[in-house]
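Colleague: Sequence plus the predicted model coming up.
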Amino acid sequence: MPEENKIKQPPDESRRKFLKYSGTALGGVVVGGVIGGLIGANTKKTKPAPPPAPGQKPGEKPTRDYNRALMFFNQEQFALTEAAAERLYPEDELGPGAKGLGVAYYIDHQLASLWGVNAREYMMGPFIAGEKTQGNYPSIRRKDLFTLGLAAMQDLSQKKYKKSFSDLAAEEQDAVLEQIQNGEGVKINGATSLNFFKLLLSLTLEGVYSDPLYGGNKDMQGWRMRNYPGNQMSYLDIIDKEEFVKIEPASLHDHMSAH
């Protein structure tokens, strides 16, 4: 096969401190597709490349925003979620963080759905607090837990630093999130601050690696950082290859728009 299709698997190096300390293992999601261009049959001259869109660098691939409209959050809640998710999955030399990947949009859409109101779950008592090793039986809907958690995070930021969480320095935001995780002096009716932190962490990772159709993983950059090809229609052309083959990722949206 051509040399440009061969790639050595990069070393698996952790890029997120919180993953290192929490022992969280990441899984991959893979999607792929081929985008072709047509050349006019009636001319021998190659058509010049179209000018870049406003704010787009020459030669840069156009941004595809599949699902970027708020359905649940107000602007303040969105800004708080964006700032908190960015501290859990920060931008670094390997790629964008949660903010650049649009994770807050993914969280917004999930909380606006039936999942956000625990529609298919048993939500009647009695509600008994379990041990730390047992988890927690929810007496509060996810969307309420998340909004109350954001309010508690904001209150803690105001008390501790006299500023909104969104305006804090990175080290100060980390300190607030650590206190939320430990449940020190943080009260949330119907749940614990640890419940909120776990929900925030889980939704952040989902937003990084979910299909862009759901609002996060902007331009499939989360997949690209892990060489994940995405929702391929077929792997017949590479399934018998022994070496690793890098494939251009594609969203479910790409397959739907092709039909």
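Modeller: Perfect, I can see it now.
Colleague: what ranges of the stretch 101-250 of the chain fall below the confidence cut-off?
Modeller: 130, 132, 135-138 (pLDDT under 70).
Colleague: List the buried residues of stretch 116-129.
Modeller: Residues of stretch 116-129 classed as buried: 116, 118 (neighbour count, 16 or more other Cβ atoms under 10 Å). The C-beta positions use only the backbone N, C-alpha and C, and glycine is treated the same way.
Colleague: biggest helix in this protein, by residue count?
Modeller: helix 142-161 (DSSP state H).
Colleague: In that one, which residues are buried?
Modeller: Quick answer for helix 142-161 (16+ other Cβ under 10 Å): 142-150, 152-154, 156-157, 161.
Colleague: just the residues you listed now: which is nearest residue 90?
Modeller: residue 153 (17.1 Å; Cβ to Cβ).
Colleague: Pull the contacting residues for that closest one.
Modeller: 80, 84, 165, 176, 177, 180, 196 (Cβ atoms under 8 Å, 6 or more residues apart in numbering).
Colleague: give me that answer again for 10 Å
Modeller: 80-81, 83-84, 164-165, 173, 176-177, 179-180, 186, 188, 193, 196-197, 200 (Cβ atoms under 10 Å, 6 or more residues apart in numbering).
Colleague: any idea where the strands of the stretch 151-259 of the chain begin and end?
Modeller: Assigned by DSSP state E, counting those that start in this stretch, the stretch 151-259 of the chain shows no strands.
Colleague: Was I right to think residue 169 contacts residue 157?
Modeller: No: in this structure, residue 169 is not within contact of residue 157 by Cβ atoms under 10 Å, at 11.3 Å.
Colleague: who touches both of these two?
Modeller: Common contacts of residue 169 and residue 157 (Cβ under 10 Å, 6+ apart): 163, 175.
Colleague: So residue 227 versus residue 220, what's the distance?
Modeller: To residue 220, residue 227 is 11 Å away according to Cβ to Cβ, to the nearest Å.
Colleague: Who has more neighbours out of those two?
Modeller: More crowded of residue 227 and residue 220, by other Cβ atoms under 10 Å: residue 220, with 25 against 16.
Colleague: Look up phi and psi at the spatially closest residue to the more buried one that is not a sequence neighbour.
Modeller: Excluding the flanking residues, the one nearest residue 220 by Cβ to Cβ, 6 or more residues apart in numbering is residue 249, at 4.3 Å. As for residue 249, its main-chain torsions (degrees, to the nearest 10) stand at phi -70, psi 160.
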